[in-house]
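Novice: return atomic coordinates for the entry below.
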Amino acid sequence: MLAVPFLASIFPALAGPAQDIAAEFSAVGVLPKVAVACAPLREALTLADAMGTFSDGAKRPELDALLTAMRDPNSEAQQSVDLDGGFVAIDAGETSIMRLPVKGGLNDAIAIFTKPDEPEWSLDGDRAVRIESNGKRSVLTIHEGVARIRTGPETTSGQIEKVPNALTELPDAPGCAMWLHGGDAPGVPTFLSHPITFWMPFGDGEPVELRVQLPAHRDRADRPTITPPLQVSSPARPNAVFTFGVPPMSIAQDPIVQKALPEMVRRQLTLGDGTEEMGAGTVGAFFTGSHQPVFVVAVPITDKRGRSVWRRRIQKEVDKAIGEAILDKMAIRTQVMGRYTTNFILPNGLTLTMRTERGAIFFGNSHEYVIPAAEGLGEPWLDEAGMEWAASHAVTVSGEAPLPGLAEPLKVQLGAGTEGDVLLVQVSMEPGLRDPQVAAAFRSMTEARKKRRSNKPL
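Specialist: Here you go, the predicted structure:
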C-alpha cells in the first residue's frame with residue numbers, strides 16, 4: 001500500500017490544512033485511522049529538513065523528489081512537483097489515498113511514483129494502474145495539477161454523515177494537520193477511541209493545537225465562561241504559573257473525566273457544599289526554594305454577584321472551621337501566626353501557610369513566599385500577554401523550557417478547555433520552531449535520538 005509508507009516517512013514533517021483531509025472522507029466511506037496533509041509543501045519540507053527529520057535520507061521516491069526540488073531549484077524534480085501546492089495522505093484500513101501536486105502529466109507522475117523494486121504501472125486510458133505486492137490495486141489519476149493514488153477497492157459502500165468537529169474546526173490556513181482515530185477495534189488505546197487532530201501553523205506567533213472529539217453530553221457547556229486570573233506578584237521569579245478560568249470542580253464533574261475516575265474518587269468529589277462553583281480565577285506558581293520546591297496558590301473569594309468578599313468575613317469562616325474541630329478529625333494541627341495568617345501542619349509534617357486578603361485566600365508551603373505574594377510585593381507572575389492567554393482558556397500552564405544549544409530557554413504557554421464537544425489544547429512557544437536556533441536545537445535532538453536507536457542491539 002503506497003500511501004502508508006509515505007505517510008510514515010512524512011509524519012515528522014507535520015503537514016497541512018484539515019480541509020484537504022475532510023474532502024477525502026467521502027471517498028473512503030469510513031473514518032480513517034491516520035491522515036496527514038500539508039500546504040504549502042515548501043514550508044513543511046523546509047521546516048522538517050531544518051529540524052533534521054530527513055537527515056538519514058528519503059525512503060520513498062516521491063519524498064526524494066520533493067526534497068530534491070526543495071533543496072535544488074535547478075533540479076529536474078523542480079520541474080515535476082509543485083511545492084506551492086498541498087499534499088494529502090489517508091490510511092483508512094482497506095483503502096488509502098495520496099494526493100501530490102505536480103506540474104506535468106500522467107507520465108511525469110508515474111516517474112515520480114516509481115521505485116525499482118516495486119511493481120510497474122500500466123496505462124489504462126487517462127489513468128495508470130498497478131497491483132501492489134500485497135495484492136491490492138492502485139489507481140493513479142491526474143486532475144487539475146494534482147496526482148491522486150487510490151489503493152484498495154475502487155468504490156466504497158460506507159458513508160460518513162458528518163465529519164467530526166475536531167477536524168472541521170481546525171484553522172483554514174497554511175500549516176500542518178494530522179488526524180488519528182483508533183475506533184472501537186480490540187486493543188485500541190482508550191485515548192485513541194475518539195478522533196484526535198493536531199495542527200501546526202506556519203505563521204509566526206500562532207499556537208499549535210490538539211483537539212479531541214468528546215462524546216456529546218447535554219451538561220457540557222458549548223463555551224464555558226472564563227474568569228480572568230488574579231494578578232499576583234512576588235519578589236522571586238516563578239518557574240511556572242498555572243491558572244483556572246473555571247471552577248476546578250466543574251472540570252472534575254465533566255462526564256468524560258467522571259468516566260475515567262475510580263468510583264471512590266467520584267463519590268468524594270460529589271460534595272454538594274457549594275464548593276463546586278469556587279476557584280474560577282485561581283492562579284498558582286512554582287518556585288525553586290532554598291531547601292525544597294515551593295508553591296503558592298491564590299484563590300479568589302467572591303459573593304454571588306461576583307464582588308470580592310471582605311477579609312474579615314473570609315477569616316471568620318476559617319476560624320469557624322478551626323473551631324468546629326473539622327481539621328482535628330483530619331489530624332491537621334493549626335498555628336495562628338497573626339490575625340489573618342494561619343499555619344496548617346499536616347500529618348506528614350508538611351506546613352502550609354494561609355493568608356486571607358480581601359477577595360482572596362493565599363496558601364503555599366513556604367511562609368516566606370506566601371506573605372509577599374499576598375501583600376503584592378515584587379513583579380507580576382503573568383505579564384499582559386500571559387494574562388490575555390489565561391483569560392481565554394479554562395486551564396493554563398506557562399513556564400520556560402531549556403533546549404540544548406539555546407542561550408535562552410523557550411517561553412512556553414499551554415492552554416486547554418472545551419468548545420462544545422471538543423477538548424482544545426493550544427501551545428504557544430517563543431521563539432517558535434521557525435527560529436533558526438530553535439530548529440537547530442530540535443535537529444540536534446532528532447539526530448541524537450536516531451543515533452541512540454541505531455546503537456541499540458538487535
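Novice: which intervals of the stretch 351-458 of the chain have sub-threshold pLDDT?
Specialist: When residues are selected by pLDDT under 70, those of the stretch 351-458 of the chain lie in 454-458.
Novice: cool, and the chain?
Specialist: Those would be 1-16, 55-59, 61, 74-79, 157, 190-191, 218-222, 264-276, 324-329, 454-458, if you go by pLDDT under 70 across the chain.
Novice: in it, which residue sits furthest out from the middle?
Specialist: Gly323 (45.9 Å; Cα atoms, centre = their mean).
Novice: just checking, what packs against the strand or helix carrying Pro101?
Specialist: In the assignment (DSSP states H and E), Pro101 maps to strand 96-101. Counting contacts by 3 or more Cβ pairs under 8 Å, 6 or more residues apart in numbering; DSSP states H and E, strand 96-101 is packed against helix 3-10, strand 87-91, strand 146-151. To be clear about C-beta, it is placed using only N, CA and C from the backbone, and glycine gets the same treatment.
Novice: residue contacts, Leu41?
Specialist: 15-16, 66, 70, 81-87, 101 (Cβ atoms under 8 Å, 6 or more residues apart in numbering).
Novice: buried residues, the helix or strand where Ile371 lies. List them.
Specialist: Using DSSP H and E, Ile371 maps to helix 367-374. For helix 367-374, the neighbour count (16 or more other Cβ atoms under 10 Å) marks 369-374 as buried.
Novice: repeat that for stretch 213-232.
Specialist: Using 16+ other Cβ under 10 Å as the test for burial, stretch 213-232 gives 213-214, 220, 224, 226-230, 232.
Novice: how far away from the center of its chain is that stretch?
Specialist: 17 Å (Cα atoms, centre = their mean, to the nearest Å).
Novice: ends of that stretch, what's the gap?
Specialist: 35 Å (Cα to Cα, to the nearest Å).
Novice: likewise stretch 168-176?
Specialist: End to end - Cα to Cα - stretch 168-176 spans 14 Å.
Novice: pull out the buried positions in it.
Specialist: 168-171, 174-176.
Novice: one step back: helix or strand right after the helix holding Ile371?
Specialist: Using DSSP H and E, the helix or strand that directly follows helix 367-374 along the chain is strand 379-380.
Novice: helices or strands up against that following strand?
Specialist: Short answer (3+ Cβ pairs under 8 Å, 6+ apart): strand 379-380 packs on strand 233-234.
Novice: contacts for the following helix or strand past the strand it packs on?
Specialist: Where DSSP H and E defines the elements, the next helix or strand beyond strand 233-234 is strand 240-244. If you take Cβ under 8 Å, 6+ apart as the criterion, strand 240-244 is touched by 229, 251, 279-286, 381-382, 386, 390, 393-400.
Novice: of the residues you listed, buried ones?
Specialist: Using 16+ other Cβ under 10 Å, the buried ones in the contacts of strand 240-244 are 229, 251, 279-286, 381-382, 386, 390, 393-399.
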